[in-house]
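Participant: this one's structure only:
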């Protein structure tokens, strides 16, 4: 209920104004009369006072003032509250974390709920998101899932352009560590985001003092990273909160599938005025997504250890695929493969042909017979990491001293290298590879018995398996030939495929000791690398034969381009693509997105493997219908570190090659890299829009717009009866007449 006074109940505004003007005119004429009459001061004051009272009495008798009683409800203006949902609100703030400061600010604003209508939104990246309304009498909690980024400008734009009721004010709860508006001219950017919406933006600081913290604020790649070539990382170090830093050691290491991280580079950051920049030059030998660990040794007193270590995914490209091709004898098959490798401009091939063994009986010296000596020790020790792939074609390891380097070659594969073993009399069992370290990384088993058969010389035509007909790696070959393949002049004897390997071609007649069709083409993975076993030395028949004439020999290049591409993880030949939705933050739910190729059907199994230990930390399964639609798979919460997501599609004989995606998880990510609050930015935003900046505990004192009453009933009551106003006016007029007579004024 609101009680007010009104000058008149029945006269309109023009009449009220006219009456007031006449009363004022009368008082003015009286003043002029007294000025001209030159009466004593006391007489003039008495006459003027009685005249003014008489004029007011007459005016009141004409207007007859009334009391107006209005009953109704107060409608508060709409006020939008934008709460920062970035991960930085879990950093230290005012008396606790910044999230706790935010909740205290919401509690203070909640007390103003009878005056204004509060609409709570969270903001991160993109438009503001509505949050459950603040319930009166219930302590507010802010349990919105933290997000990467803090784009206040985008949130303001979405509020300003919303189709519903425009707000009368906006309150921003943040620590000021924003992506937008930036540090430069934040007020101008805020006004631009609001557009035509001219309202105050009040800001509430969740923190003011920076914690004692040394951190890796940014890691930037200076140029593109190319395998086998040096590149630099620019690392920005920050020191805040009064922490004494000085010189801080910085280390860069690469995570591997197994074992400890490999040191790449180290340096010292010289901190001056709270910041430092150091450049580390390093060389990565393997292309693809590599996970690097950048760490610092902080000084004593550091309060946020989580940002002392960053995990960075670097996409390492290739200038050219560097291939080591070692062949035991110059056969048609060797010649055809070497010709294709040499003809591909994207391949840098180093080829060695062994024309004789150490036991060959010749009538000439070694210098006269060899163009260059075969540098087996140098190739398979010092130079091996510089190659992307090694092709062993019809090459017997024992006569040339390669057997002592097979452990090193197997380690090379597990560290990310590629290996292709092509058939011939010097391959697989015939090349003394059975029961060696290299046999353990091949995708097929080899008979270790001394009496094991090395080859079958009977001609045959390989059969495509179910996986071979659906695998993208054979799609180019099948596009030219369909499912028909040329006859091959024999095959090496292989055992069953190893667990996890994929068989794409089999022998039509021969069986393994376990009764399964003998593999002819099998693909597998070992550690970070990939391997391929081709148990024939007749792929040249795809290039020159009566069968090859059908497609002018193009099938040979299509086949080997796909094989080498799969070995190098070319996306064209992967059965699917794996993405990490929204990035991976340690301790928070992680979602992986599987994007299969159209036509991929069957059960897909996803395994998340921790780099370094090789432990499978998550395993998920889903069914693919062949439509190629993306599928989201929940990976749960992961600890900080590097991971590899491996997906295989199909099961049993229909299981296709796997695909993988390496990714990193950080605690807090970029949001924790710089823990300093930015109060100056919040103050600039408020000042530019006519708002006010306050601390979290003073959020209830913000000057919010007043409420408006919507009246439901209006009652008018006269202050006095009409006759009372008339008698009062007459008495005042009479008193004025008496005072005038006594003063000598007629």
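Facilitator: Alright, I've got the coordinates. Quantities reported herein were computed from a predicted structural model and do not represent experimental measurements. Residues are numbered from 1 along each chain as shown.
Participant: every contact and neighbour count from this point should use C-alpha atoms.
Facilitator: OK.
Participant: any idea of the pLDDT on the closest residue to residue 88 other than its chain neighbours?
Facilitator: Distances taken as C-alpha to C-alpha, 6 or more residues apart in numbering put residue 671 closest to residue 88, at 5.2 Å, once the chain neighbours are dropped. pLDDT for residue 671: 88.
Participant: what's the answer for residue 7, then?
Facilitator: On pLDDT, residue 7 comes in at 78.
Participant: pretty sure it sits against residue 66.
Facilitator: Yes: counting by C-alpha atoms under 8 Å, residue 7 does reach residue 66; the two are 6.4 Å apart.
Participant: check for me that the residue nearest to residue 88 belongs to a helix.
Facilitator: Yes: using DSSP: H, G, I helix; E, B strand; the rest coil, the assignment for residue 671 is a helix.
Participant: can you tell me which helix or strand of this protein has the lowest average pLDDT?
Facilitator: When each helix and strand of the chain is scored by mean pLDDT, DSSP states H and E, helix 366-369 comes last, with a mean of 51.
Participant: next helix or strand past it?
Facilitator: Proceeding N to C from helix 366-369, the next assigned helix or strand is helix 376-379, under DSSP states H and E.
Participant: the closest residue to residue 5 other than its chain neighbours sits in which helix or strand?
Facilitator: Closest residue to residue 5 apart from its sequence neighbours, by C-alpha to C-alpha, 6+ apart: residue 67 at 4.7 Å. Using DSSP H and E, residue 67 maps to strand 66-75.
Participant: what helices or strands is the helix or strand following that strand leaning on?
Facilitator: Going down the chain from strand 66-75, the next helix or strand is strand 78-84, by DSSP H and E. Contacts defined by 3 or more C-alpha pairs under 8 Å, 6 or more residues apart in numbering; DSSP states H and E place strand 78-84 against strand 117-123, strand 169-174.
Participant: what inclination does the first one have with respect to strand 78-84?
Facilitator: Interaxial angle, strand 117-123 versus strand 78-84 (axes from the mean of the first three to the mean of the last three C-alpha atoms, to 10 degrees): 30 degrees.
Participant: check contacts around residue 320.
Facilitator: Residues near residue 320 by C-alpha atoms under 8 Å, 6 or more residues apart in numbering: 346, 347, 348.
Participant: now the buried members of the residues you listed.
Facilitator: Among those, those scoring as buried are 347, 348 (criterion: 16 or more other C-alpha atoms under 10 Å).
Participant: in strands, which of the contacts of residue 320 appear?
Facilitator: Counting by DSSP state E, the part of the contacts of residue 320 found in strands is 347, 348.
Participant: so where's the stretch 451-600 of the chain uncertain?
Facilitator: For the stretch 451-600 of the chain, no stretch is flagged by pLDDT under 70.
Participant: ok, which stretches of it are strands?
Facilitator: 455-456, 463-464, 491-492, 502-511, 517-526, 529-534, 576-581, 589-596 (DSSP state E, counting those that start in this stretch).
Participant: chain center to the last one, what's the gap?
Facilitator: Looking back up the chat, that one is strand 589-596. Offset of strand 589-596 from its chain centre (C-alpha atoms, centre = their mean, to the nearest Å): 13 Å.
Participant: what of the second one?
Facilitator: Strand 463-464 sits 43 Å away from the centroid of its parent chain (C-alpha atoms, centre = their mean).
Participant: quick one: list the elements packing against it.
Facilitator: Applying 3+ C-alpha pairs under 8 Å, 6+ apart, one finds that strand 463-464 contacts strand 502-511.
Participant: again, only this time at 10 Å
Facilitator: With contacts defined as 3 or more C-alpha pairs under 10 Å, 6 or more residues apart in numbering; DSSP states H and E, the packing partners of strand 463-464 are strand 502-511, strand 517-526.
Participant: about what we covered before: so how many other residues sit close to the residue nearest to residue 5?
Facilitator: If you count neighbours by other C-alpha atoms under 10 Å, residue 67 ends up with 18.
Participant: hang on, the earlier thing: any idea which of the strands of the stretch 451-600 of the chain is most buried?
Facilitator: Neighbour counts averaged per stretch over the strands of the stretch 451-600 of the chain are highest for strand 491-492, at a mean of 26; criterion: mean count of other C-alpha atoms under 10 Å.
Participant: quick one, what contacts residue 525?
Facilitator: Residue 525 is in contact with 413-414, 416, 418-419, 441-443, 498-502, 531-532, 567, 657-659, counting by C-alpha atoms under 10 Å, 6 or more residues apart in numbering.
Participant: where does the prediction get shaky in the stretch 601-746 of the chain?
Facilitator: In the stretch 601-746 of the chain (pLDDT under 70), the answer is 653-654, 709-712, 746.
Participant: just give the nearest non-adjacent residue to residue 627, would you?
Facilitator: Nearest to residue 627 is residue 598, by C-alpha to C-alpha, 6+ apart, at 5.3 Å.
Participant: can I get the strands of the stretch 451-600 of the chain in CSV with distance to residue 111?
Facilitator: Formatted as CSV, these follow (distance: least, C-alpha to C-alpha, whole Å):
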stretch, distance to residue 111
strand 455-456, 87
strand 463-464, 74
strand 491-492, 83
strand 502-511, 66
strand 517-526, 62
strand 529-534, 62
strand 576-581, 39
strand 589-596, 34
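Participant: contact partners of the helix or strand hosting residue 409?
Facilitator: Per DSSP H and E, residue 409 falls inside helix 406-414. By C-alpha under 10 Å, 6+ apart, the residues outside helix 406-414 that reach it are 256-258, 380-381, 384-385, 387-390, 397, 402-403, 405, 415, 417-419, 433, 436-442, 525-531.
Participant: now intersect these with the helices, please.
Facilitator: Judged by DSSP state H, helices contain none of the contacts of helix 406-414.
Participant: among these, which are in strands?
Facilitator: Filtering the contacts of helix 406-414 for strands - DSSP E - leaves 389, 390, 418, 419, 525, 526, 529, 530, 531.
Participant: give the contact list for the fourth one.
Facilitator: Taking C-alpha under 10 Å, 6+ apart as the contact definition, residue 419 lies against 323-324, 388-392, 409-410, 412-413, 438, 441-442, 524-525, 529-533, 564, 567.
Participant: change it to 8 Å
Facilitator: Counting by C-alpha under 8 Å, 6+ apart, residue 419 touches 389, 390, 391, 392, 413, 530, 531, 532, 567.
Participant: helix/strand/coil for the fourth one?
Facilitator: Taking three-state DSSP as the rule, one finds residue 392 in the strand state.
Participant: picking that back up, I'd say the residue nearest to residue 88 and residue 146 touch.
Facilitator: No: with contacts counted by C-alpha under 8 Å, residue 671 stays clear of residue 146, the gap being 10.0 Å.
Participant: those two: which is more packed in?
Facilitator: residue 671 (23 against 19).
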